[in-house]
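# For reference, the sequence and a predicted model appear below.
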Amino acid sequence: MSFDSCAEALLSDDICVLPTETVYGLACSALSTKAISQVFLLKGRPSCNPLIVHVLNHDSAKEFCFTNDLSKKLCEKFWPGPLTLVLPKKNCIPNEITAGLNSVAVRAPAHPIFRKILNSVKLPIAAPSANPSNKLSPTKYQDVLDAFGEKCPPIIDGGQCKLGIESTVLDLTSDKPCILRAGPITKREIGAVLNIEIVDNSAALITSKEPSRKSPGQGIKHYAPNTPLYLHSTVESMISSKIISKNDVLILPRDKINIRQIKNNICLLSISSSDNYHDTARNLYGVLRKADKLNKEKIHISLYSSINDSFTAINDRLTRASTKRI
Ligand code: TXA
Ligand code: MG
């Protein structure tokens, strides 16, 4: 779709798909309840799961939420980029966006196409990841088409998303800043800017049986392929696991791994050619998609032993996607 027709769609309370540096987003005017309801309907997203509002910068965020010194410092360092801030909302943001919460999540995306659209339409843009609820987030144009088929709204192709996993969500409405969803910006990086204690609730939110009042969207299962995903605690225990059968596919963290212990006829994929975090994050959903398309009985994958805290977000997504922990 052309840039102009996409801008036109947003200005006419319609929806379209835009690339961001994290994942593709299903975009609509954050001020249009009609367009917002189309987004929830198309995604099959429960109305209790609030949307992120995308803006150009900290000054534009001030129109929609009450910013503070902490948000200012963080935005100076990380915006535009993959950090979403939860702040007290202003009345102009419809309750449908925030699922009735009195906070709103805001983020300034870095992708040049998304920024050009924001500049052109001069609207705040709500954009959840452009996938049916609970499924894998799209990191390429074709992923979005495959996910929505005939119902797919117009998409602007921005190539493969550079980062490949969703933004870090940080709540700034409590006494201490609290991570609700792990992402490309780590707890350590946030702590280094603010110089105060940062709480990380993202892992607790995965295992919690109750929907969290603070982040109702962080349910147990998420980002999941259709094939059952078996998550092993280490790559070594996965390779020697007895439960892997010839009808399964096994995903290795990188291609140069000694796989002598694996039976000959097992289908193998690998996420990256190195241990580099950026390559791993960028390829993660793509390789899960590829494994899913093989229509095997089970997908096996393993957690990363945290060499550094960048991998926390990758382990978080694997945990949410998994059917079973081994
Ligand atoms: O990287 C990203 O964040 C992508 C791109 C498109 O920007 N968007 C994305 O949106 O991942 P979505 O809707 O898939 O995830 C938004 C997350 C959800 O977990 C939701 O619960 C949380 O942000 N969230 C939104 N508003 C919130 C609020 N007011 N309080 C707490 N959590 C909120
Ligand atoms: Mg999502």
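Looks like it came in fine. Here the structure is a predicted model, which means the values were calculated and not measured. Ligands and ions are numbered 1, 2, ... in the order given.

# Please make it C-alpha for all contacts and neighbour counts, starting now.
Fine.

# per-residue pLDDT, residue 151?
If you check residue 151, the pLDDT there is 93.

# element containing the residue nearest to it when sequence neighbours are not counted?
Using C-alpha to C-alpha, 6 or more residues apart in numbering and skipping the chain neighbours, the partner closest in space to residue 151 is residue 42 (8.0 Å). Assigned by DSSP states H and E, residue 42 belongs to helix 33-43.

# C-alpha coordinates for that helix, CSV please?
The C-alpha trace of helix 33-43 is given here as CSV (Å, rounded to 0.1, in the frame of the first residue of the first chain):
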residue,chain,number,x,y,z
THR,A,33,-13.3,4.4,19.1
LYS,A,34,-14.6,3.0,15.7
ALA,A,35,-11.1,2.2,14.5
ILE,A,36,-10.0,0.9,17.9
SER,A,37,-12.9,-1.6,17.9
GLN,A,38,-11.9,-2.8,14.4
VAL,A,39,-8.4,-3.5,15.7
PHE,A,40,-9.7,-5.6,18.7
LEU,A,41,-12.1,-7.4,16.4
LEU,A,42,-9.5,-8.3,13.8
LYS,A,43,-7.0,-9.5,16.4
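
# That one and ligand 1, any residue contact?
No: using C-alpha under 6 Å from any ligand atom, helix 33-43 never reaches ligand 1; the gap is at least 9.9 Å.

# which secondary structure elements does that helix contact?
Counting contacts by 3 or more C-alpha pairs under 8 Å, 6 or more residues apart in numbering; DSSP states H and E, helix 33-43 is packed against strand 25-29, helix 95-98.

# buried set for it?
33, 35, 36, 39, 40, 42, 43 (16 or more other C-alpha atoms under 10 Å).

# now do stretch 311-326
311-323.

# got the CA coordinates for that stretch in CSV?
The C-alpha trace of stretch 311-326 is given here as CSV (Å, rounded to 0.1, in the frame of the first residue of the first chain):
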residue,chain,number,x,y,z
PHE,A,311,18.6,-12.7,26.8
THR,A,312,15.9,-12.2,29.5
ALA,A,313,13.4,-11.0,26.9
ILE,A,314,14.1,-14.0,24.6
ASN,A,315,13.7,-16.4,27.5
ASP,A,316,10.5,-14.6,28.4
ARG,A,317,9.0,-15.0,24.9
LEU,A,318,10.0,-18.7,24.8
THR,A,319,8.4,-19.3,28.2
ARG,A,320,5.2,-17.7,27.1
ALA,A,321,5.1,-19.6,23.8
SER,A,322,5.8,-23.0,25.5
THR,A,323,3.2,-25.7,25.9
LYS,A,324,5.4,-27.7,28.3
ARG,A,325,8.6,-27.0,30.3
ILE,A,326,11.1,-29.9,30.4
